[in-house]
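Participant: the following comprises the amino acid sequence and a computationally predicted model.
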Amino acid sequence: MNCVLISIGDELLIGQTINTNAAWLGEQLNLLGFKVIGGLVIPDDKVAIENALNDFSSADLIIMTGGLGPTKDDITKHTLCNYFDTKLERKLEIESKIIAYFQSRELPILQTNKDQALLPAACEVLPNSRGTASGMWFEKNNTIYVSLPGVPYEMKGLINECVIPKLRSRNKDENTLVHRTVRTHGMGESFLAEIIKDWEENLTADEIKLAYLPSPGIVKLRLSLVGKDGKKIVDTLNKHIDLLYEIIPDQVYGYEDDTMEGVVGDLLTAQNASISTAESCTGGAVAKMITSVSGSSNYFEGSVICYSNICKINQLHVQESALHGYGAVSQEVVEQMAIGVKRKLNTDYGLATSGIAGPTGGTAEKPVGTIWIALASKSGVISKKLNLGYSRDRNIHVTSLSVLNMLRLELLKN
């Protein structure tokens, strides 16, 4: 089935808001086997909305986001009434939910809020469990029209809770497109492709398509296969993923939506182990990644951010002689930092980072992107030198991933 995405909102056109909805929707629809054949961003304008609907009326599915708020500039509902030759009617059940929504938050209820229960009589209402703007489902001349609020949190809830189940029920006899994603770290795209080239060639026998999806510090490998037997498709993909893991076990850290920090957190939880961080060049970025995981308080004790040499000496007991003899960006210093924070916060593991994040501060001996990371444990201390680039944000992000991956590999040994 062909699908078109229409994003409504002046704020999208002037760059005030980034249109993340279209990217997310495209990915979700692709997973369902829909082919996204077009996308359009238009203003909150009656003529623009009607023209877009007419232009794409040959599509099987049109999903619109935006223009469903309580203010006068949100005109999508009124435009849809004209387009589908219907009128607004008050949905009492929706109104009751809106009133309960505001009462639960002890907020005043305005008439404009209640009027969000005014919806086109011809639509099937899609209840919004995360907000007050309901979604709408229309059908006309073999085309499905879905109108959703533009708030990403609300839109995603409606897609997952209402739209996808309805679409799946309609596509039972269609081919199923299944994706599996393998997440890797520690090897660039070209090097990875060279190592797994024989494995990649064997995918063609089962008609599996492979896509390399690189981002800073991570290369995702997406395997795709189409067929009518969903279980057989999944089994075939899993067979090849198992073979891939045998080739690059250290690089594969997760699958699908796994994150490095989430995987590390699961390992720490399973082993009832604790972690602390000593950060110089990353300035707390490692701690931020760790604590982004719900439940991280069970294993994360804290962090010492030591930018200056004095702080490294006073807080982590780094030897002054090491700082003078080797410099703050050195194997000797970063290892002492990892040991120091482990002892200071009494944790099972201590992580440390020290480097030149850039874009200034580099020397001929230690150019921008020179980073040292270390891990201290009861088994001793290990360290690694990273040679990164000139982007400060990228260097901080890749360093944070790398030191967490160092911990991941150590935890897997246990």
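Facilitator: That came in fine, so what should we check first?

Participant: only C-alpha atoms for contact and neighbour calcs from this point on.
Facilitator: Noted.

Participant: mind naming the longest helix for this protein?
Facilitator: Secondary structure of the chain per DSSP state H: the longest helix is helix 392-413.

Participant: flag every buried residue along it.
Facilitator: Taking 16 or more other Cα atoms under 10 Å as the basis for neighbour counts, the residues of helix 392-413 that come out buried are 392, 394-408, 411.

Participant: buried stuff in the helix or strand Q28 falls within?
Facilitator: Element membership for Q28 (DSSP states H and E) is helix 20-32. Of the residues in helix 20-32, those with enough neighbours to count as buried (16+ other Cα under 10 Å) are 21-22, 25-26, 28-32.

Participant: likewise stretch 206-217?
Facilitator: Of the residues in stretch 206-217, those with enough neighbours to count as buried (16+ other Cα under 10 Å) are 208, 210, 212, 217.

Participant: the last one and L404 touch, don't they?
Facilitator: Okay, so that is G217. No - assessed by Cα atoms under 8 Å, G217 is found out of contact with L404, at 11.7 Å.

Participant: now do the SS call for I99.
Facilitator: helix (DSSP: H, G, I helix; E, B strand; the rest coil).

Participant: check the gap between G67 and K366 for me.
Facilitator: Taking Cα to Cα, to the nearest Å as the measure, G67 falls 53 Å from K366.

Participant: when those two are compared, which one has more neighbours?
Facilitator: When G67 is set against K366 and neighbours are counted by other Cα atoms under 10 Å, the residue ahead is G67, at 26 against 15.

Participant: quick one: the helices in the stretch 301-414 of the chain?
Facilitator: Secondary structure of the stretch 301-414 of the chain by DSSP state H, counting those that start in this stretch: the helices cover 309-316, 320-326, 331-345, 392-413.

Participant: ok, residues contacting the first one?
Facilitator: With Cα atoms under 8 Å, 6 or more residues apart in numbering as the contact definition, helix 309-316 has outside contacts at 304, 306, 318-320, 323, 328, 336-337, 340-341, 344.

Participant: so which of those residues wins on neighbours?
Facilitator: M337 (34 neighbours).

Participant: about what we covered before: biggest separation within the buried residues of helix 20-32, which pair?
Facilitator: N21 and L32 (16.6 Å; Cα to Cα).

Participant: ok, G262 - contacts?
Facilitator: With Cα under 8 Å, 6+ apart as the criterion, the residues that contact G262 are 290, 293.

Participant: three-state assignment of it?
Facilitator: helix.

Participant: all further residue positions should be reported with the first residue as 43.
Facilitator: I'll keep to 43 as the first residue from here, and by that count the last item is G304.

Participant: give me the distance between it and I50.
Facilitator: Noted for G304: a distance of 35 Å to I50, by Cα to Cα.
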